[in-house]
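# Predicted coordinates and the sequence they were generated for:
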Amino acid sequence: MTSNEKALVWRYRYSQKKNRKVLLKFLMSVNWGMQKEQQEAMSLLMEWESIELEQALSLLGGMFSLNSEYQDICVV
């Protein structure tokens, strides 16, 4: 995603909570290096519409890993 696309998704994050197709894009738009954004994203994640199994599988990839080996990838 481009920085403009990330900014747009982040801007409209509250209105998209019911749109399960946007969840992965939302997670990619979070600046995980900023604690405030991280906390807000985790809070919104609990309110987000449940996603399909196929979408959930992509969360297992390196981009969303908390493993220190992938730490540089996670901080988008």
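Now that the structure is in, tell me what you want to look at. Because the structure is a prediction, the values reported are computed rather than measured.
# Tell me who's in contact with Asn19.
Glu49 (C-beta atoms under 8 Å, 6 or more residues apart in numbering). No exception for glycine: its C-beta is placed from N, CA and C like everyone else's.
# if you set the cut-off to 10 Å instead, what comes out?
Asn19 makes contacts with 12, 25-26, 48-49, as judged by C-beta atoms under 10 Å, 6 or more residues apart in numbering.
# now do Leu45
Counted by C-beta under 10 Å, 6+ apart, Leu45 has contacts 17, 23, 26-27, 30.
# Which stretches in the chain count as helices?
With DSSP state H applied, the chain shows helices at 3-11, 23-29, 35-47, 53-58, 71-74, listed in chain order.
# Highest mean neighbour count out of the ones you listed?
Most buried of the helices of the chain by mean neighbour count (mean count of other C-beta atoms under 10 Å) is helix 23-29; its value is a mean of 19.
# Figure out how far that helix is from the centre of its chain.
Mean-position distance between helix 23-29 and its chain equals 3 Å (C-alpha atoms, centre = their mean, to the nearest Å).
# tell me the mean pLDDT for it?
Across helix 23-29, pLDDT averages out at 90.
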